[in-house]
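J.: Fold the following, please.
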Amino acid sequence: MARFSDLLPARSVRTLLVILAISAIQAGEVRAAQGEIVMWGESVIRDRATMSGLVAISAGYGWNAALRADGSIVTWGRNESGQCNVPAPNAGFQACSAGGSHGLALRADGSLAMWAEFFDDFGEPYCDCSLPTPNRDFTAIATGWHHALALTTGGSVVAFWENQAGQCNVPAPNSDFVAVAAGSEHSLGLKSDGSIVAWGRNSYGQCNVPAPNADFVAVAAGASNSAGLRADGSIVVWGNNQYGQLQVPSPNLGFIAVRVGSGFCAGRRQDGTLVTWGRSDHGQCAPPPGAVFADVSTGAGHAVGLEADGTVVTWGETETDACGVPSLNHGFAAVSRGQRHTLALGGDGTIVAWGGNLAGEGFAPEPAGPYTAIATGAFHNLALRPDGSIHAWGLNSGSVGGMGGPCDVPLPNLDFVAVAAGNNHSLGLRGDGSIAVWGGSSPGLLTVPAPNSGFTTVVSSGDHCLALRSDGSIAAWGSNVRGQCVVPAPNAGFIAIAAGYRHSLGLKRDGSVVAWGDNLGGECDVPWLNSGFVAVSASGRRSLALGADGTVAVWGALWPDGYDLPSPNEGFVRLASGLGGCGAIKGLAAPTSAPPVATARVHVGNHPNPFNPSTTIRFETAAAGLARLRIYDVRGRLVRALAQVAVPAGVHDVAWDGTDDGGKRLPSGVYLCRLENGSVGAVARLVMIE
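T.: Have a look, this model is predicted:
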């Protein structure tokens, strides 16, 4: 069977955010699902625990690049221009540099690799990353906002890419250079005699090297500043002084390296201590106390440091995911992206937040848990408590008609079973099937289509809302400027819904997807093999669908893509979405190091899957013993303790009617069946449809 993602053209794959949920089953005990957050597409994050063997780092505009000892490069942070997509082969590098929205790397053979992807609204490239010819004999590199410098073995400088301020016009004589640095739109070259040559934009005097122009051993450049390190260990900074970045703190001595960011500077001493000064509105001049650094790099509003023990430390602006990644990236069960921030729900019910923090939305709630569900608006958040109440925090403006803001949960704040959020409005689905809506800037958002009952699912994005009724029909309301609220006929047979910026998706019982509304980015162009889907999601101008085979298909985008789905594209069990990104959750997997004395297999074949109203779970045990079957939803919550019986070795069948332990019919969706048999276990994915 073809994978759904294989059926899409290369430019249809878009931003995806994935939680890898891995179960650990040991000694007959099911542990909480362990979920690692993985992001790619417009934003990339890495688990810091896996970033070992780093020898050098570079900070760009909201993203970072690091060189490993094995010659490979790891990147994280902003990726809307593909700056985190290191070209293959990702090996044999000896230096890397993170620019404004492009990357540059130097290979051990002296050649350059450069990457970025810029496209206009029609998907056509408007600039490229053409490398200089001949591409050889380079020894050092530097990147600016949209230009690059490379030092040759002969001591000349090659400057290329954008040149609107003359930053690529190397002054004559172009010889005897030993180091280079690139600012936003200016360039620096250090000569073998210790003098500095500067060229390009000079609006703040960043190219006016102070006298005496001699005895320099290193150079650095930032947005509109330049710096030089003298042989005596002192630092000189010139150019823009808006944030006092020209005043090097006393004592100005003992430095061995200098870095310049956007309005701030950093100097590293022989003992690895760091001195920072200048702009610090995002904490970019507040490195972790007591840290001993082997390397430091400054970006636009953040800094990244490599400690002596190889640990990566980031500080400063968190809105770009360049430094807001959780330090312990595991144990997550759900993730939701807002405009510039991210929420992650742990398997223990606690919430972690990072990213933008306009009005507190980038902070975790107090108390931090337990919660059972999360949703993010543009700048606000919702979290559902186990008792059915909702906690809301963040920006609380934009209300109409005296109905309060998106964080003013209406009374009674109880009996909610699901939450959803749009730009600046919020929704809660109650246990009786009714929907409460509050906040928002349009009166139409607050009016749920009558009758306000019988709903099983609610979603929202931007300024429109969708709700699925138990009879399989969809109710849509709010903004309808692109027809996103006009459900195509026949409005029946739907089992799942999703809302994008100005488009909507509905999943039919037969596994096909219906899309309507705005199609500027191809978000309504469902892949031609429109069958076999079990879930849908949408975010911005992107659409996602989960195949019954566990693969994810992604199509549409405001920006042309070029971001491949992670490999392998398999094992996904649930889709997630938010205003700032799309995602999926990978299924729970049995440990790969299980003892060989016994094996356990759980599978659902034609018993059936998908199913309605019941299915037969068939499992096999290699040895006699106690077998325990439990059903979990994709958030990792136990919904049914199905069986706990002593069984002989062999094949066994157990029926499940789709109800929880209380006999209540569960909603359609993906569920996980966990088998425990002694010290081993296995997991199967069950898809229940209405």
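
J.: Model confidence for residue 600, exactly?
T.: pLDDT for residue 600: 34.

J.: Could I get the contacting residues of residue 154?
T.: Contacts of residue 154 were listed using Cβ atoms under 8 Å, 6 or more residues apart in numbering, and they are 137, 175. Yep, even glycine has a C-beta here, placed from its N, CA and C like the rest.

J.: quick one, phi psi at it?
T.: Main-chain dihedrals, residue 154, degrees, to the nearest 10: phi -80, psi 0.

J.: how close does the residue of the chain positioned farthest from its centre sit to residue 419?
T.: Distance from the centre of the chain peaks at residue 212, with 47.4 Å (Cα atoms, centre = their mean). Separation of residue 212 from residue 419 (Cβ to Cβ, to the nearest Å): 65 Å.

J.: cool, and residue 314?
T.: Residue 314 is 31 Å from residue 419, by Cβ to Cβ.

J.: Then residue 57?
T.: 39 Å.

J.: What of residue 489?
T.: 30 Å.

J.: do the same with residue 310
T.: Applying Cβ to Cβ, the value for residue 310 to residue 419 is 41 Å.

J.: between the two, which one's more packed in?
T.: residue 419 (25 against 13; other Cβ atoms under 10 Å).

J.: host element of the more buried one?
T.: Per DSSP states H and E, residue 419 falls inside strand 416-421.

J.: and that strand, what other elements does it pack with?
T.: Strand 416-421 sits against strand 373-376, strand 380-384, strand 425-430, strand 455-461, with contacts defined as 3 or more Cβ pairs under 8 Å, 6 or more residues apart in numbering; DSSP states H and E.

J.: export those to JSON lines and tack on mean neighbour count, mean pLDDT and distance to residue 480?
T.: What follows is the helices and strands packed on strand 416-421, written out as JSON lines (neighbours: other Cβ atoms under 10 Å; pLDDT from 0 to 100; distance: least, Cβ to Cβ, whole Å):
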{"stretch": "strand 373-376", "mean neighbour count": "25", "mean pLDDT": "88", "distance to residue 480": "22"}
{"stretch": "strand 380-384", "mean neighbour count": "27", "mean pLDDT": "93", "distance to residue 480": "23"}
{"stretch": "strand 425-430", "mean neighbour count": "26", "mean pLDDT": "94", "distance to residue 480": "15"}
{"stretch": "strand 455-461", "mean neighbour count": "24", "mean pLDDT": "91", "distance to residue 480": "14"}
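
J.: Kindly reformat those as JSON lines and extend each row with distance to residue 87.
T.: JSON lines is the format used below for the helices and strands packed on strand 416-421 (distance: least, Cβ to Cβ, whole Å):
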{"stretch": "strand 373-376", "distance to residue 87": "33"}
{"stretch": "strand 380-384", "distance to residue 87": "37"}
{"stretch": "strand 425-430", "distance to residue 87": "42"}
{"stretch": "strand 455-461", "distance to residue 87": "33"}
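
J.: Residue 207 is nearest to which of those strands?
T.: Residue 207 sits nearest to strand 373-376 of all the helices and strands packed on strand 416-421, at 44.2 Å, using Cβ to Cβ.

J.: Name the strands paired with the closest one and say parallel or antiparallel.
T.: strand 380-384 (antiparallel) (DSSP bridges).

J.: after the strand it pairs with comes which helix or strand?
T.: strand 390-394.

J.: okay, the angle between that next one and strand 380-384?
T.: Counting by axes from the mean of the first three to the mean of the last three Cα atoms, to 10 degrees, strand 390-394 lies at 160 degrees to strand 380-384.

J.: Any idea how far strand 390-394 is from the middle of the chain?
T.: 22 Å (Cα atoms, centre = their mean, to the nearest Å).

J.: what secondary structure does residue 444 sit in?
T.: Judged by DSSP: H, G, I helix; E, B strand; the rest coil, the three-state class of residue 444 is helix.

J.: surely it meets residue 465?
T.: No: taking contacts as Cβ atoms under 8 Å, residue 444 lies outside contact range of residue 465: 9.4 Å.

J.: Looking at the two, which one has more neighbours?
T.: Higher neighbour count among residue 444 and residue 465: residue 465, with 32 against 15, using other Cβ under 10 Å.

J.: pretty sure the more buried one is touching residue 476, no?
T.: Yes: using Cβ under 8 Å, residue 465 is in contact with residue 476, at 7.0 Å.

J.: Next one: residue 106 from residue 55, what distance?
T.: Relative to residue 55, residue 106 is positioned 13 Å away (Cβ to Cβ).

J.: higher neighbour count, those two?
T.: Using other Cβ under 10 Å, the more surrounded residue of residue 106 and residue 55 is residue 106, with 22 against 16.

J.: Can you pull the residues that touch both of residue 444 and residue 465?
T.: Taking Cβ under 8 Å, 6+ apart as the contact rule, residue 444 and residue 465 both touch 477, 478.

J.: phi, psi of residue 167?
T.: Main-chain torsions, residue 167, degrees, to the nearest 10: phi -70, psi -10.

J.: One more: the one 4 residues further on?
T.: For residue 171, the backbone dihedrals (degrees, to the nearest 10) come out as phi -70, psi 150.

J.: re earlier: the helices and strands packed on strand 416-421: which one's closest to residue 353?
T.: That would be strand 380-384 among the helices and strands packed on strand 416-421, by Cβ to Cβ, at 7.5 Å.

J.: Settle this for me: residue 644 is touching residue 628, isn't it.
T.: Yes: between residue 644 and residue 628 there is a contact at 4.6 Å, judged by Cβ under 8 Å.

J.: who's more crowded, those two?
T.: Neighbour totals were compared for residue 644 and residue 628, and residue 628 leads with 16 against 11 (other Cβ under 10 Å).

J.: name the helices or strands packed onto the helix or strand harbouring the more buried one?
T.: Secondary structure assignment for residue 628, by DSSP H and E: strand 625-633. For strand 625-633, the elements it packs on are strand 615-621, strand 638-647, strand 650-656, strand 669-677, judged by 3+ Cβ pairs under 8 Å, 6+ apart.

J.: please redo it, this time with the cut-off set to 10 Å
T.: strand 29-30, strand 600-603, strand 615-621, strand 638-647, strand 650-656, strand 669-677, strand 680-688 (3 or more Cβ pairs under 10 Å, 6 or more residues apart in numbering; DSSP states H and E).

J.: On the pLDDT front, check residue 471 for me.
T.: 92.

J.: tell me the contacts of it?
T.: Shown in contact with residue 471 (Cβ atoms under 10 Å, 6 or more residues apart in numbering): 454, 456, 491, 492, 493, 494, 690.

J.: Save those residues as CSV, and put in secondary structure and distance to residue 257 too.
T.: CSV is the format used below for the contacts of residue 471 (DSSP: H, G, I helix; E, B strand; the rest coil; distance: Cβ to Cβ, whole Å):
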residue, secondary structure, distance to residue 257
454, coil, 66
456, strand, 60
491, coil, 65
492, coil, 67
493, coil, 65
494, strand, 60
690, coil, 63
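
J.: wait, what's in contact with residue 249?
T.: Residue 249 neighbours (Cβ under 10 Å, 6+ apart): 235, 265, 267, 275, 276, 277.

J.: try residue 241
T.: Residue 241 neighbours (Cβ under 10 Å, 6+ apart): 204, 205, 224, 225, 247, 263, 278.

J.: Among those, name the ones in helices.
T.: Using DSSP state H to define helices, no part of the contacts of residue 241 is located there.

J.: Out of the residues you listed, which comes closest to residue 544?
T.: For the contacts of residue 241, the minimum distance to residue 544 (Cβ to Cβ) is 39.0 Å, reached by residue 263.

J.: pretty sure that closest one contacts residue 184?
T.: No: taking Cβ atoms under 10 Å as the definition, residue 263 is not a contact partner of residue 184, at 11.2 Å.

J.: that older thread, surely the residue farthest from the centre of the chain is in contact with residue 193?
T.: No: using Cβ under 10 Å, residue 212 is not in contact with residue 193; the gap is 12.0 Å.

J.: Output the lowest mean pLDDT helix or strand found in this protein.
T.: In the chain, no helix or strand scores lower on mean pLDDT, DSSP states H and E than strand 25-26, which sits at a mean of 22.
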